[in-house]
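Q: I'll drop the sequence and a predicted model, then ask my questions.
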Amino acid sequence: MNILVCLKQTFDTEEKIVLEDGRINEEGVEFVINPYDEYAVEEAIKLKEEHGGEVTVLTIGPERAEQALRTAMAMGADKGVIVDIEDFDEEIDEHTIPHVVKGAIEEEDIEFDIILCGYMAVDDGSAQVGPRLAELLNIPHVSTATKLTIDGEAVTVEKDVEGDLEVIDSKLPILVTAQQGLNEPRYPSLPGIMKAKKKPLSRLDIDDLDLDEDEIAAKTELLETFLPPKKEAGKILSGDIDAQAKELVQLLRSEAKVI
């Protein structure tokens, strides 16, 4: 079985966000594999252990993102591909990234029976890349998987749906995004870390891919990044119910400005 995992390198969730001029300051920040993508990597390795085959991990990002691939290979993935966007002058977003991933798949001639991604990235939370990639590749996709079973060509996915459970039957090839609870990601072992240094890793630039820059241009524009306002003390309303209701409406309109 050929398994492709798309992953992203993100801030460590314990990091404190520091803003400068409306942008996140990355100086001295610890980066890790996006937590949801760790579930995807672990599930890929489990599938390889059960069915045999090969696991390829792919990421898009600056040169530092290579470390995320090495970590995934230390966990048990077989090879990696990084598309370095550090010198790409244009903005990228959730429209751009699936096109770049598809281009990398074609450039590297990556064969896959299943593609695994994290449900979302913890830094932007859009949850769009997986479904958009499946659409570009014209394959079915199931999101927020909490259990994945493959028997021959048949695929059964249990997925989280707002606190309930839905069971979907499909077939290979397919793209599945991983939700928390799908598995418990393993820690890289010391032998795994040593082996990862020798595993093949391909490095690409966007210019290496057969892409139309106008077609992959970002559809959104980031204007500003800001922290939420500090939480202020609440107010306790007094008086009878009618008086409290009137005061609440007035506060929601004049202070909270939500109505």
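A: Cool, got the structure.
Q: what ranges do the strands span in the chain?
A: 2-6, 9-11, 19-20, 23-24, 31-33, 54-61, 79-84, 114-118, 141-151, 154-161, 164-171, 174-178, 201-205 (DSSP state E).
Q: Okay, now the sheet partners of the fourth one, with direction.
A: In other words, strand 23-24. Next to strand 23-24 in the sheet, as set by DSSP bridges, lie strand 19-20 (antiparallel).
Q: Kindly report the same for the longest one.
A: Neighbouring strands of strand 141-151 in its sheet, by DSSP bridges, are strand 154-161 (antiparallel), strand 174-178 (parallel).
Q: so Leu175 touches Ser143, yeah?
A: No. With contact defined as CB atoms under 8 Å, Leu175 does not count as touching Ser143 (9.0 Å). C-beta coordinates here come from the backbone N, C-alpha and C atoms, glycine included.
Q: Next, show the common contact partners of those two.
A: Shared contacts of Leu175 and Ser143, defined by CB atoms under 8 Å, 6 or more residues apart in numbering, comprise Gly130, Pro131.
Q: Spatially, and excluding backbone neighbours, which residue is closest to Asp169.
A: Excluding the flanking residues, the one nearest Asp169 by CB to CB, 6 or more residues apart in numbering is Thr156, at 5.5 Å.
Q: separation between the one you found and His141?
A: Note on Thr156: its distance to His141, by CB to CB, to the nearest Å, is 15 Å.
Q: who's more crowded, those two?
A: Taking neighbours as other CB atoms under 10 Å, Thr156 and His141 compare with His141 leading, 19 against 14.
Q: Check that one and give its pLDDT.
A: Per-residue pLDDT puts His141 at 97.
Q: Tell me who's in contact with it.
A: Contacts of His141 by CB under 8 Å, 6+ apart are Gly130, Pro131, Ala134, Glu135, Ile174, Leu175, Val176, Thr177.
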